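# Give me coordinates for this.
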Amino acid sequence: MKPTVKFQLSLMMFLEFFIWGGWFVTLGTFLGDNLKADGGEIAMAFSTQSWGAIIAPFIIGLVADRYFNAERILGVLHLLGAVLMYQMYTSVDFAGFYPYVLGYMIIYMPTLALVNSISFNQMKDPAKEFSLVRVFGTIGWIVAGLIISYVFLWDSPGARAEGMLKNTFLMVAIASAALGLFSFFLPKTPPTADRGEKVGISEILGLDALKLLKDRNFLIFFISSILICIPLAFYYQNANPFLAEIGVDNPTGKMTIGQASEVLFMLLLPFFFKRFGFKKTIMAGMLAWTIRYALFAYGNAGDLAFMLILGIALHGICYDFFFVSGQIYTDSKAGEKYKSAAQGLITLATYGLGMLIGFWVAGKIYDMNLISENSHDWNSIWTFPAIFALGVSVLFALFFKNEVIEYKE
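Numbering: from 1, shown residues only. Okay, here's the model as predicted:
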């Protein structure tokens, strides 16, 4: 791959995830502080990610793969996203905010597949080259959090009281417009599917891979994947409001420790896979969620602040050991015929169904533990997902039979 192309793809990834990390992390805090949204409304806003994940395959399967170059669709979607982000920036209540965030996530979630498609199309050996490009996405997410916390201080108590968190949407609108324009100069990625070829709904959603559920082990993994996304939703929805409410300084910046650990444990994953096997590796990921939420439940912003930092740092194990291991496992079980369909099915089950349920539950638990305005019983809020994740790990341990999965570096 030419250095200029590698630079283009790396910058594309950087902006793609800078955009996501630049507003999604602080969304719950913004909605609670600025728009006075309750737990149910915050859950609705976060659930737009799930609706976007459910709708995304239709955009990719029916449009991107058949009619237009991927880089052009990417450009159009991010330009539209910039407009919707600006509308979110100007919203003054939740009723006015929600349609824009829903529309935005419906057009943003397909871009995650588009940037991968554009990247793979330029690589001779994706297995070796992709990670070196994708890592800039994680760096983009980290930089967004550091800018919010340490450059502009938008998540500080004083700035939040003045409504400064809404500036994250303006920042992201500018970044989205920049990526939208830049996309038209990316390497050309023409459609791969035949326009005249008929594609069914089951193929687009990966439902052809449902045949894999006849395998008992894959069925247990599939059910566990849906269930573990319920406690996962608690982190996305409640972690930033939790840290901000209890008085942790620079909460958004500190949460970037999680992305840094994600890079570290991604590098360690091959070692764990070879040394302990798939079952133990994925169980470590599940148990990490229990430990993380227990640390959140009993930590504080004072002498026990180290517990909160450790909980954030566990993100690498939580995410990589479960989700990345799960993708590898799915790929190994699917075979050549169902590889894409199987990955689509797992994405639909986790980011779609699992997290849709999880955001709803997290909103209910959040409202149930409201003590007074801007004050919650966080011990109870975090205890629920800790116990739930433990239950899922026990279920998986009991019913999943160990099997050897080859890890290809």
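# Check whether Ile139 really touches Leu15, as I assumed.
No - with contact defined as C-beta atoms under 8 Å, Ile139 does not count as touching Leu15 (10.9 Å). Just so you know, the C-beta spots here come from the backbone N, C-alpha and C atoms, and that holds for glycine as well.
# Specify which residue of these two has the higher count of neighbours.
Set side by side, Ile139 and Leu15 show more neighbours around Leu15, with 23 against 18, by other C-beta atoms under 10 Å.
# Now the closest residue to the more buried one other than its chain neighbours: which helix or strand?
In this structure, Leu15 finds its nearest non-sequential neighbour in Leu179, 4.1 Å apart by C-beta to C-beta, 6 or more residues apart in numbering. Using DSSP states H and E, the element containing Leu179 is helix 167-183.
# Poorly predicted segments of the stretch 251-400 of the chain, please.
335-341 (pLDDT under 70).
# swap the cut-off to 50 and go again
The model of the stretch 251-400 of the chain has no residue with pLDDT under 50.
# which residues in it form helices?
In the stretch 251-400 of the chain, the segments counted as helices under DSSP state H, counting those that start in this stretch are 251-298, 305-313, 315-319, 325-347, 355-368, 378-399.
# What pLDDT does the model give Ala173?
Listed pLDDT for Ala173 reads 98.
# out of everything not next to it in sequence, what's closest to it?
Nearest to Ala173 is Met85, by C-beta to C-beta, 6+ apart, at 3.7 Å.
# Also Ser117?
Nearest non-adjacent residue to Ser117 (C-beta to C-beta, 6+ apart): Ala70, at 4.9 Å.
# Please tell me how far the one you found sits from Ile59.
Computed as C-beta to C-beta, to the nearest Å, the Ala70 to Ile59 distance reads 11 Å.
# Then Ile328?
26 Å.
# do the same with Glu245
Taken as C-beta to C-beta, the span from Glu245 to Ile59 is 37 Å.
# Check Phe396 too.
Taken as C-beta to C-beta, the span from Phe396 to Ile59 is 33 Å.
# Over to Ile230?
26 Å.
# and stretch 14-23, C-alpha only, in PDB?
Written as PDB, here are the backbone C-alpha positions of stretch 14-23 (Å, rounded to 0.1, in the frame of the first residue of the first chain):
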ATOM      1  CA  PHE A  14      -9.100   9.000  12.800                       C
ATOM      2  CA  LEU A  15     -12.000  11.400  11.800                       C
ATOM      3  CA  GLU A  16     -14.600   8.600  11.800                       C
ATOM      4  CA  PHE A  17     -14.000   7.700  15.400                       C
ATOM      5  CA  PHE A  18     -13.200  11.200  16.500                       C
ATOM      6  CA  ILE A  19     -16.700  12.000  15.400                       C
ATOM      7  CA  TRP A  20     -18.300   9.100  17.400                       C
ATOM      8  CA  GLY A  21     -16.200   9.600  20.500                       C
ATOM      9  CA  GLY A  22     -16.600  13.400  20.400                       C
ATOM     10  CA  TRP A  23     -20.300  13.300  21.400                       C
END
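# Name the surrounding residues that touch that stretch.
78, 81, 85, 88, 108, 111-112, 115, 136-145, 147-148, 168-169, 171-172, 175-176, 178-179, 182, 259 (C-beta atoms under 8 Å, 6 or more residues apart in numbering).
# ok, of these, which come out buried?
Among the contacts of stretch 14-23, those buried by neighbour count (16 or more other C-beta atoms under 10 Å) are 78, 81, 85, 88, 108, 111-112, 115, 136-145, 147-148, 168-169, 171-172, 175-176, 178-179, 182, 259.
# Can you give me the buried ones in stretch 299-306?
299, 305.
# Could you do stretch 256-272 as well?
256-262, 265-266, 269, 272.
# same deal with stretch 114-132?
114-119, 121-123, 129-130.
# Now for the residues you listed: which two are most distant?
Maximum pairwise distance in the buried residues of stretch 114-132, criterion C-beta to C-beta, is 17.8 Å, between Leu114 and Glu129.
# so who does the nearest residue to Leu31 once chain neighbours are set aside touch?
Among residues not flanking Leu31 along the chain, Ala37 sits closest, at 4.0 Å (C-beta to C-beta, 6+ apart). By C-beta under 8 Å, 6+ apart, Ala37 lies in contact with 31, 45, 94.
# Any idea how many residues pack against the second one?
Here the number of neighbours of Ala45 (other C-beta under 10 Å) works out to 25.
# right, and it touches Tyr98 too?
Yes - using C-beta under 8 Å, Ala45 makes contact with Tyr98 at a distance of 6.5 Å.
# What separation do you get for Phe184 and Leu79?
10 Å.
# Quick check: the residue nearest to Ala173 vs Tyr351, distance?
Counting by C-beta to C-beta, the gap from Met85 to Tyr351 is 21 Å.
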